[in-house]
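**Q** just coords:
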(Lines give C-alpha, C1' and ligand atoms only; values in the text may rest on other atoms or scores of the structure.)
Protein backbone atom coordinates (compact mmCIF):
# COMPACT_ATOMS: atom_id res chain seq x y z
CA UNK A 1 0.00 0.00 0.00
CA UNK A 2 1.08 3.55 -0.70
CA UNK A 3 1.10 5.18 2.75
CA UNK A 4 2.33 8.50 1.33
CA UNK A 5 -0.79 8.76 -0.84
CA UNK A 6 -3.37 6.92 1.27
CA UNK A 7 -6.11 9.43 0.40
CA UNK A 8 -5.94 8.46 -3.28
CA UNK A 9 -4.39 4.96 -3.18
CA UNK A 10 -6.51 2.74 -5.48
CA UNK A 11 -5.35 -0.42 -3.66
CA UNK A 12 -6.60 0.91 -0.32
CA UNK A 13 -9.83 2.02 -1.96
CA UNK A 14 -10.36 -1.50 -3.33
CA UNK A 15 -9.60 -3.12 0.05
CA UNK A 16 -12.09 -0.81 1.74
CA UNK A 17 -14.73 -1.63 -0.86
CA UNK A 18 -14.12 -5.39 -0.84
CA UNK A 19 -14.07 -5.67 2.97
CA UNK A 20 -16.84 -3.10 3.51
CA UNK A 21 -14.61 -0.88 5.69
CA UNK A 22 -17.03 2.02 5.69
CA UNK A 23 -15.58 4.01 8.61
CA UNK A 24 -12.05 5.23 9.23
CA UNK A 25 -10.06 7.69 11.25
CA UNK A 26 -6.40 8.41 11.90
CA UNK A 27 -4.71 8.23 15.28
CA UNK A 28 -1.23 9.46 16.14
CA UNK A 29 0.43 7.78 19.10
CA UNK A 30 3.14 10.10 20.37
CA UNK A 31 3.57 11.90 23.69
CA UNK A 32 2.99 15.29 22.03
CA UNK A 33 -0.05 14.22 19.97
CA UNK A 34 -2.14 11.82 22.05
CA UNK A 35 -4.05 13.11 25.10
CA UNK A 36 -3.38 11.00 28.20
CA UNK A 37 -0.44 9.40 26.36
CA UNK A 38 1.05 7.45 29.30
CA UNK A 39 -2.34 6.05 30.31
CA UNK A 40 -3.20 5.11 26.71
CA UNK A 41 0.13 3.34 26.15
CA UNK A 42 -0.46 1.23 29.25
CA UNK A 43 -4.00 0.43 28.11
CA UNK A 44 -2.85 -0.60 24.62
CA UNK A 45 -0.29 -2.95 26.18
CA UNK A 46 -2.83 -4.72 28.41
CA UNK A 47 -3.72 -8.07 26.90
CA UNK A 48 -7.26 -7.78 25.56
CA UNK A 49 -9.69 -8.73 22.82
CA UNK A 50 -12.43 -7.01 20.87
CA UNK A 51 -15.78 -8.27 19.69
CA UNK A 52 -15.09 -6.95 16.18
CA UNK A 53 -12.06 -7.25 13.91
CA UNK A 54 -9.32 -4.70 14.56
CA UNK A 55 -7.92 -3.27 11.32
CA UNK A 56 -4.86 -1.00 11.39
CA UNK A 57 -2.91 0.54 8.53
CA UNK A 58 0.42 2.15 9.46
CA UNK A 59 0.87 5.52 7.73
CA UNK A 60 4.03 6.64 9.55
CA UNK A 61 6.28 5.26 12.26
CA UNK A 62 6.32 1.74 13.63
CA UNK A 63 5.33 -0.53 16.50
CA UNK A 64 4.45 -4.07 17.48
CA UNK A 65 1.29 -6.09 17.75
CA UNK A 66 1.66 -9.11 20.00
CA UNK A 67 -0.83 -11.94 19.49
CA UNK A 68 -1.26 -15.36 21.09
CA UNK A 69 -0.72 -18.50 19.02
CA UNK A 70 -2.78 -21.70 19.37
CA UNK A 71 -0.50 -22.78 22.25
CA UNK A 72 -1.06 -19.43 24.03
CA UNK A 73 2.50 -18.25 23.36
CA UNK A 74 3.23 -14.69 22.21
CA UNK A 75 4.02 -13.90 18.59
CA UNK A 76 5.41 -10.40 17.95
CA UNK A 77 4.43 -8.75 14.66
CA UNK A 78 6.57 -5.80 13.61
CA UNK A 79 4.53 -3.12 11.85
CA UNK A 80 5.93 -0.22 9.85
CA UNK A 81 4.85 2.33 7.29
CA UNK A 82 2.70 0.75 4.59
CA UNK A 83 1.72 -2.34 6.61
CA UNK A 84 -1.90 -3.29 7.27
CA UNK A 85 -3.10 -5.87 9.76
CA UNK A 86 -6.47 -7.40 10.56
CA UNK A 87 -6.78 -8.97 13.98
CA UNK A 88 -9.86 -11.18 14.11
CA UNK A 89 -12.53 -10.64 16.72
CA UNK A 90 -11.79 -12.70 19.81
CA UNK A 91 -7.99 -12.86 19.49
CA UNK A 92 -6.01 -11.78 22.54
CA UNK A 93 -3.50 -9.12 21.62
CA UNK A 94 -1.68 -5.99 22.72
CA UNK A 95 0.14 -3.11 21.03
CA UNK A 96 3.31 -1.24 21.88
CA UNK A 97 5.53 1.30 20.20
CA UNK A 98 9.12 0.50 19.31
CA UNK A 99 12.15 2.63 20.21
CA UNK A 100 10.94 5.45 17.92
CA UNK A 101 7.93 6.07 20.18
CA UNK A 102 5.76 7.17 17.27
CA UNK A 103 3.12 5.72 15.01
CA UNK A 104 0.39 7.25 12.88
CA UNK A 105 -2.24 4.70 11.93
CA UNK A 106 -5.53 4.50 10.13
CA UNK A 107 -8.23 2.66 12.02
CA UNK A 108 -10.83 0.97 9.83
CA UNK A 109 -14.21 -0.52 10.76
CA UNK A 110 -17.17 -2.21 9.17
CA UNK A 111 -20.01 0.09 10.21
CA UNK A 112 -19.81 2.26 13.30
CA UNK A 113 -16.65 1.93 15.38
CA UNK A 114 -16.72 0.07 18.67
CA UNK A 115 -13.75 0.85 20.91
CA UNK A 116 -14.45 -1.53 23.78
CA UNK A 117 -11.50 -3.67 24.83
CA UNK A 118 -12.05 -6.63 27.15
CA UNK A 119 -8.99 -7.49 29.21
CA UNK A 120 -8.05 -11.11 29.70
CA UNK A 121 -9.77 -13.23 30.89
CA UNK A 122 -12.66 -12.67 28.49
CA UNK A 123 -13.24 -16.24 27.34
CA UNK A 124 -17.03 -16.28 27.64
CA UNK A 125 -17.73 -13.88 24.78
CA UNK A 126 -19.14 -15.47 21.61
CA UNK A 127 -16.36 -13.78 19.56
CA UNK A 128 -13.73 -15.54 21.68
CA UNK A 129 -15.49 -18.89 21.41
CA UNK A 130 -15.79 -18.49 17.64
CA UNK A 131 -12.09 -17.61 17.37
CA UNK A 132 -11.12 -20.65 19.47
CA UNK A 133 -13.29 -22.86 17.25
CA UNK A 134 -11.50 -21.44 14.21
CA UNK A 135 -8.13 -22.35 15.77
CA UNK A 136 -9.33 -25.87 16.57
CA UNK A 137 -10.68 -26.35 13.03
CA UNK A 138 -7.36 -25.18 11.55
CA UNK A 139 -5.31 -27.62 13.68
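**A** Sure, I can see it. Quantities reported herein were computed from a predicted structural model and do not represent experimental measurements. Numbering: from 1, shown residues only.
**Q** just checking, what packs against the top strand by length along the chain?
**A** Longest strand of the chain, by residue count under DSSP state E: strand 54-68. If contacts are counted by 3 or more CB pairs under 8 Å, 6 or more residues apart in numbering; DSSP states H and E, strand 54-68 sits against strand 23-29, strand 74-80, strand 84-87, strand 93-97, strand 103-109. All C-beta atoms are positioned from the backbone trio N, CA, C, and that covers glycine.
**Q** out of these, which comes closest to residue 11?
**A** strand 84-87 (9.8 Å; CB to CB).
**Q** returning to what we had before: could you export the helices and strands packed on strand 54-68 as JSON lines, including mean pLDDT and mean neighbour count?
**A** Putting these into JSON lines (pLDDT from 0 to 100; neighbours: other CB atoms under 10 Å) gives the following:
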{"stretch": "strand 23-29", "mean pLDDT": "97", "mean neighbour count": "14"}
{"stretch": "strand 74-80", "mean pLDDT": "98", "mean neighbour count": "13"}
{"stretch": "strand 84-87", "mean pLDDT": "98", "mean neighbour count": "16"}
{"stretch": "strand 93-97", "mean pLDDT": "98", "mean neighbour count": "19"}
{"stretch": "strand 103-109", "mean pLDDT": "98", "mean neighbour count": "20"}
